[in-house]
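[1] got a structure for you, letters missing:
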Ligand SMILES: NC(=O)C1=CN([C@@H]2O[C@H](COP(=O)(O)OP(=O)(O)OC[C@H]3O[C@@H](n4cnc5c(N)ncnc54)[C@H](OP(=O)(O)O)[C@@H]3O)[C@@H](O)[C@H]2O)C=CC1
Ligand SMILES: O=C1O[C@H](COP(=O)(O)O)[C@@H](O)[C@H](O)[C@H]1O
């Protein structure tokens, strides 16, 4: 891996302390950072290097999966961190930042390879990119890269504007757009599951698959983020990015080679075949909901409109379910369902592939009803893969019952999403970052939904906190003769 300078804008913020510093530390423990590595934190507060280093240390003690308690190398690790105080909107500080970067490059013998990480509010993304260019920070003899956080735009137009501005300073292949779902080990594993197993590869199409369901349910509410969330809703917060990324990763076909370019090409093909929604049809295929008061794990919780910072008459969606169609030869006729919501019964991100139940009439004479085969990919918080099959139970006179073949990896020492993503960015692998085409096509698909929500063309269903979401979401699948599957079905549902 090349030696480099890592400039972290927003280094005193929440994401830096909860995810980025712990990720760098864990990469160091695994010997996955370059031999010469200089980290320069940028922030508005006035801090000395020593104060900044102790902020980093505190973050590791609180948030790192491996705590630095007995680490005799901790001091040495902290010494790679320097701090530069500047207001990102003003030109002044960028010159001192450049001098600091160059000074450390000289001290440590680092070629001019520079990684810029924008862990700041989205309104600063374009400003910083431009000032990196204007100040000369981006004029390097080595390479430069830009890691950019979400959200990338608020709608199609703002995303296009932002991309145009950022592209003035960085080429597309220098930009690493983070979607932390792409860093989740089981999302990364989808590729292997589909392509490294001929048995699934052969079945991964409309001949065998009845429908695909992608769920990301959360038990948390809006927390302290009402200021942002009340203008975003689940459609921007989860659907435009994470849900569509999981859809692309599930539906893509075998790439020619397993390279970032070829994988992204296949993802792009999925989005190009995604049937666009007309604004007036949104009501037929999309369900929107908002949580009311209820109970989560035996604790009473307030409804969305009572949350601090939320307008009392807010029409913001905290739940979205949708039916999507991919009009290509592989998926024609297979509905993809997505659903995501806050304050739901359980925290669970999972994908269910329901296979066609071609044998359901075979056992009619025996009064038996085999259930469909299900391939369940559990992403979060549990990780694993299970396959639901039908089998005779010798203890029940050979009655046919569903059985589950389970694979649950030991996740104790598995790196976190930010570790995996950061490592990839450091070595220049963009496979699990979001290409501009994916951002743009996702916004294009979502845009009519944003407009339909805005114009109230569909009902906002209230659902009790702690439930499975609005009844309308169940009906969406029922219309097609399907039901939502949980990540682990209780036996009584199946028999
Ligand atoms: N927090 C999280 O869990 C997640 C965050 N994100 C994204 O990451 C990004 C950062 O989020 P988060 O860390 O939560 O935000 P915070 O508000 O916690 O941190 C913002 C950072 O930006 C700095 N900053 C603000 N204004 C200026 C300025 N004018 N000049 C220089 N620095 C400035 C702050 O510096 P100072 O403190 O010195 O004012 C601080 O370091 C956002 O894009 C967010 O959407 C994405 C996923 C999860
Ligand atoms: O990006 C976001 O994701 C989280 C859910 O992430 P997970 O890794 O816990 O599944 C969500 O709570 C948040 O609103 C959203 O901005």
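    Nice, I can see it. All of these numbers come straight from a predicted model, not from anything done at the bench. Ligands and ions are numbered 1, 2, ... in the order given.

[2] Phi, psi for residue 129 please.
    Phi and psi for residue 129, reported as degrees, to the nearest 10, are phi -60, psi -40.

[3] Quick one: residues contacting it.
    118, 146, 165-166, 168-170 (Cβ atoms under 8 Å, 6 or more residues apart in numbering). For every residue, glycine as well, the C-beta is placed using N, CA and C.

[4] Show me those residues that map onto strands.
    118, 146 (DSSP state E).

[5] Adding distance to ligand 1 and pLDDT, write the contacts of residue 129 out as CSV.
    Shown next, in CSV, are the contacts of residue 129 (distance: Cβ to the nearest ligand atom, whole Å; pLDDT from 0 to 100):
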residue, distance to ligand 1, pLDDT
118, 7, 97
146, 13, 98
165, 16, 96
166, 14, 97
168, 20, 96
169, 17, 96
170, 17, 97
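
[6] Compare the contacts of residue 129 and tell me which has the most neighbours.
    For the contacts of residue 129, the largest number of neighbours (other Cβ atoms under 10 Å) sits with residue 118, at 25 neighbours.

[7] quick revisit: among the contacts of residue 129, which pair sits farthest apart?
    Spatially, the most separated pair among the contacts of residue 129 is 118 and 168, at 15.0 Å (Cβ to Cβ).

[8] of the contacts of residue 129, list those near ligand 2.
    Contacts with ligand 2 within the contacts of residue 129, counted by Cβ under 6 Å from any ligand atom: none were found.

[9] Out of the contacts of residue 129, flag the one nearest to residue 106.
    Nearest to residue 106 among the contacts of residue 129, with distances taken as Cβ to Cβ, is residue 146, at 23.4 Å.

[10] So what pairs up with the closest one in the strands?
    Per DSSP bridges, the residues bridged to residue 146 are residue 116, residue 175.

[11] can you pull the contacts of residue 263?
    By Cβ under 8 Å, 6+ apart, the neighbours of residue 263 are 191, 252, 255, 431.

[12] And the nearest residue to residue 160 once chain neighbours are set aside, how far from ligand 2?
    Once flanking residues are discounted, residue 160 sits nearest to residue 440: 6.8 Å by Cβ to Cβ, 6 or more residues apart in numbering. According to Cβ to the nearest ligand atom, to the nearest Å, residue 440 stands 19 Å off from ligand 2.

[13] from what I can see residue 440 touches residue 158, true?
    No: at 11.6 Å, residue 440 does not count as touching residue 158 under the criterion of Cβ atoms under 8 Å.

[14] who's more crowded, these two?
    Higher neighbour count among residue 440 and residue 158: residue 440, with 17 against 14, using other Cβ under 10 Å.

[15] is ligand 2 contacted by stretch 7-26?
    No: Stretch 7-26 lies apart from ligand 2 when judged by Cβ under 6 Å from any ligand atom; the minimum separation is 10.6 Å.

[16] Is the residue nearest to residue 160 located within a strand, as I assumed?
    No: with DSSP: H, G, I helix; E, B strand; the rest coil as the criterion, residue 440 is helix rather than part of a strand.

[17] Which pLDDT does the model give it?
    We have a pLDDT of 97 for residue 440.

[18] Next up, the contacts around it.
    So residue 440 contacts 156, 159-160, 163 (Cβ under 8 Å, 6+ apart).

[19] change it to 10 Å
    Residues near residue 440 by Cβ atoms under 10 Å, 6 or more residues apart in numbering: 152-153, 156, 159-160, 163, 271.

[20] Regarding the residue sitting furthest away from the middle of the chain, what is its secondary structure?
    Each residue of the chain has a distance to the centre, and by Cα atoms, centre = their mean the biggest one is for residue 365: 46.9 Å. In three-state terms, and counting by three-state DSSP, residue 365 is helix.

[21] Around ligand 2, pick out the residues from this structure.
    So the chain meets ligand 2 at 218, 237, 349, 380 (Cβ under 6 Å from any ligand atom).

[22] how close does residue 459 get to residue 447?
    20 Å (Cβ to Cβ, to the nearest Å).

[23] In terms of neighbours, single out the busier of those two.
    Neighbours per residue (other Cβ under 10 Å) separate residue 459 from residue 447, with residue 447 holding more: 18 against 12.

[24] Helix, strand or coil: sort out the more buried one for me.
    Quick answer, by three-state DSSP: residue 447 is helix.

[25] Do I have it right that it meets residue 278?
    No: using Cβ atoms under 10 Å, residue 447 is not in contact with residue 278; the gap is 11.1 Å.

[26] So for residue 69, what's the nearest residue that isn't a sequence neighbour?
    The nearest residue in space to residue 69 (Cβ to Cβ, 6+ apart) is residue 61, at 8.0 Å.

[27] after the host helix or strand of residue 389 comes which helix or strand?
    In the assignment (DSSP states H and E), residue 389 maps to strand 384-393. Sequence order places strand 399-407 as the next helix or strand after strand 384-393, per DSSP H and E.

[28] dump the residue contacts of the residue nearest to the spatial centre of the chain.
    Of all residues in the chain, the one closest to the mean position by Cα atoms, centre = their mean is residue 181, 2.4 Å from it. By Cβ under 10 Å, 6+ apart, residue 181 lies in contact with 187-188, 216, 238, 241-246, 249, 349, 379-380, 417, 432, 434.

[29] That one belongs to a strand, doesn't it?
    No: under three-state DSSP, residue 181 sits outside any strand and is assigned helix.

[30] pLDDT value on it, please?
    96.

[31] ok, and the closest non-adjacent residue to it?
    residue 242 (4.2 Å).

[32] now swap in residue 169 and tell me
    residue 133 (3.8 Å).

[33] The one you found contacts residue 171, doesn't it?
    No: with contact defined as Cβ under 10 Å, residue 133 does not reach residue 171; the gap is 11.7 Å.
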